[in-house]
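I need the structure of the sequence given here:
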Amino acid sequence: MKKIICLFLIAFLSFGFAGCIRQDTLGAHSDESGAVIEQQSPDSFPELSQVSYIEVDYGSYFNGINGCAVFYDNLSEQYSLYQKELCEQQKSPCSTFKMISTLMGLKYGVLESEDSRMNYNGGIYPVEVWNADLTLKDAFQKSCIWYFRQVIDKVGKESFQRELENLHYGNRDISKWQGSNTNPLPDLNGFWLDSSLKISPIEQVGIVEKIFEGNTEFSPEYVALLQNLMLVQDSNGVRIYGKTGSGVNGNAWFVGFCEGESKRYYFAVYLEDKNAEASSAAAKEIAMKISNDLLYE
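Now for the predicted structure:
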């Protein structure tokens, strides 16, 4: 009887230790030298050393403007990078953050549809088209800051921090909630406007890819609504979706994705040049030209 009990205990302990070893090594594997290599969390963005990428020359599209571009082919899972070093640097997202704000507003019940309105206070803003009682569709496409300042405040800091952590959105720093007084009016400032929140062009592409491939907690209904707001071209079999953004120091964005009959690319074009030509409109034009050329290849 004692022999049977001892054999049982040995078997039990052996199984227990094996289970512990298995749990400790789930997130790692060894290379040929035996060194342990940590695996990336499925929710985090890989380093460039861990993905397939090529460096390309898109200089002709930029026409002398300093900037960079990231295009990600989700079929081949390959990145194409122009100005690789700048592609990896974290910058203020500016109004490209309206993509996240829209989804957050919908998720937390602040927004219900493209026709949702905030409270226009009758003030006079520097952009004339903002001086109205705008719908979500108008505010998104006219990039109205005061509208999204209200959306963000109604969702709240705690919810935004939690969602940005879940998304692995850039540096996730919203500590300067009210912004850095970049603009003259309080409701035209925020952590996403030349302030504490930063994200790289490569990370922007990763975020957009996660959202539109259905790998976030945002419902398909909300993602579809956002996609409709982002549509900027639907012609000749090519659809391009994106959001502009611009700061005060000659930095500008256009972030989104493009698709044809059998291809889809996620992209971010970022400009950093005090040249007057470095605008969000220029970033958008560059991205659209590259997108059309890629899809017509």
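
now do the helices in the chain.
For the chain, the helices defined by DSSP state H cover 2-24, 59-62, 84-87, 98-107, 136-141, 145-155, 157-167, 201-212, 220-230, 280-296.

can you list these in CSV and add mean pLDDT?
Listed next are these as CSV, based on pLDDT from 0 to 100:
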stretch, mean pLDDT
helix 2-24, 35
helix 59-62, 98
helix 84-87, 98
helix 98-107, 99
helix 136-141, 98
helix 145-155, 99
helix 157-167, 98
helix 201-212, 98
helix 220-230, 99
helix 280-296, 97
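
could you dump these to TSV with mean neighbour count?
(C-beta placed from N, C-alpha, C; glycine too.) Output for the helices of the chain, formatted as TSV (neighbours: other C-beta atoms under 10 Å):
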stretch	mean neighbour count
helix 2-24	9
helix 59-62	15
helix 84-87	17
helix 98-107	24
helix 136-141	21
helix 145-155	22
helix 157-167	15
helix 201-212	23
helix 220-230	16
helix 280-296	20
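
figure out which of these is closest to residue 173.
Residue 173 lies closest to helix 157-167 among the helices of the chain, at 8.8 Å (C-beta to C-beta).

taking helix 201-212 as reference, get the angle to that closest one.
Here helix 157-167 runs at an angle of 100 degrees relative to helix 201-212 (axes from the mean of the first three to the mean of the last three C-alpha atoms, to 10 degrees).

wait, what's in contact with residue 134?
Applying C-beta atoms under 8 Å, 6 or more residues apart in numbering to residue 134 gives the contacts 117, 118, 120, 142, 144, 147.

please name the nearest non-neighbouring residue to the last one.
Pointing back at residue 147 there. In space, and not counting its chain neighbours, residue 147 is closest to residue 139: 3.7 Å by C-beta to C-beta, 6 or more residues apart in numbering.

what's the answer for the third one, then?
Counting by C-beta to C-beta, 6+ apart, residue 133 is the residue found nearest to residue 120 once chain neighbours are left out, at 4.4 Å.

next, count neighbours for the one you found.
Residue 133 has 11 neighbours, counted by other C-beta atoms under 10 Å.

and the pLDDT at it?
Looking at residue 133, its pLDDT is 98.

I'd guessed it sits against residue 117; true?
Yes - with contact defined as C-beta atoms under 8 Å, residue 133 reaches residue 117; the gap is 5.8 Å.

next up, the contacts around the residue nearest to residue 283 when sequence neighbours are not counted.
The shortest distance from residue 283 to any non-neighbouring residue, by C-beta to C-beta, 6+ apart, is to residue 254 (4.0 Å). By C-beta under 8 Å, 6+ apart, the contact set of residue 254 is 96, 242-245, 267-269, 280, 283-284, 286-288.

swap the cut-off to 10 Å and go again
69, 96, 232, 240, 242-246, 267-271, 280-288, 291 (C-beta atoms under 10 Å, 6 or more residues apart in numbering).

report the buried members of the contacts of residue 134.
Neighbour-count burial (16 or more other C-beta atoms under 10 Å) is assigned, among the contacts of residue 134, to 118, 120, 144, 147.

in stretch 180-198, which residues are buried?
Using 16+ other C-beta under 10 Å as the test for burial, stretch 180-198 gives 182-183, 187-198.

repeat that for stretch 73-87.
Neighbour-count burial for stretch 73-87 flags 79, 80, 81, 82, 83, 84, 86, 87 (criterion: 16+ other C-beta under 10 Å).

reformat those residues as CSV; add distance to residue 214.
Below are those laid out as CSV (distance: C-beta to C-beta, whole Å):
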residue, distance to residue 214
79, 20
80, 23
81, 25
82, 28
83, 30
84, 29
86, 30
87, 25
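
straight-line length of stretch 53-71, end to end?
Stretch 53-71 has an end-to-end distance of 10 Å (C-alpha to C-alpha, to the nearest Å).

these two touch, right, residue 96 and residue 199?
Yes - the criterion here is C-beta atoms under 10 Å, and residue 96 meets it with residue 199 at 8.4 Å.

between those two, which contacts overlap?
Common neighbours of residue 96 and residue 199 (C-beta under 10 Å, 6+ apart) are 192, 207, 253, 255, 268.

check those residues and tell me the two furthest apart.
Longest span within these, C-beta to C-beta: 192 and 268, 15.4 Å.

if you count neighbours, what's buried in stretch 253-262?
253, 254, 255, 256, 257, 258, 259, 260.

for residue 192, give me phi and psi.
Here is the backbone geometry of residue 192 (degrees, to the nearest 10): phi -90, psi 0.

circling back: so the residue nearest to residue 283 versus residue 267, what's the distance?
Distance of residue 254 to residue 267, given as C-beta to C-beta, to the nearest Å: 8 Å.

joint contacts of the two?
Going by C-beta under 10 Å, 6+ apart, residues that sit against residue 254 and also against residue 267 are 69, 240, 242, 286, 287, 288, 291.
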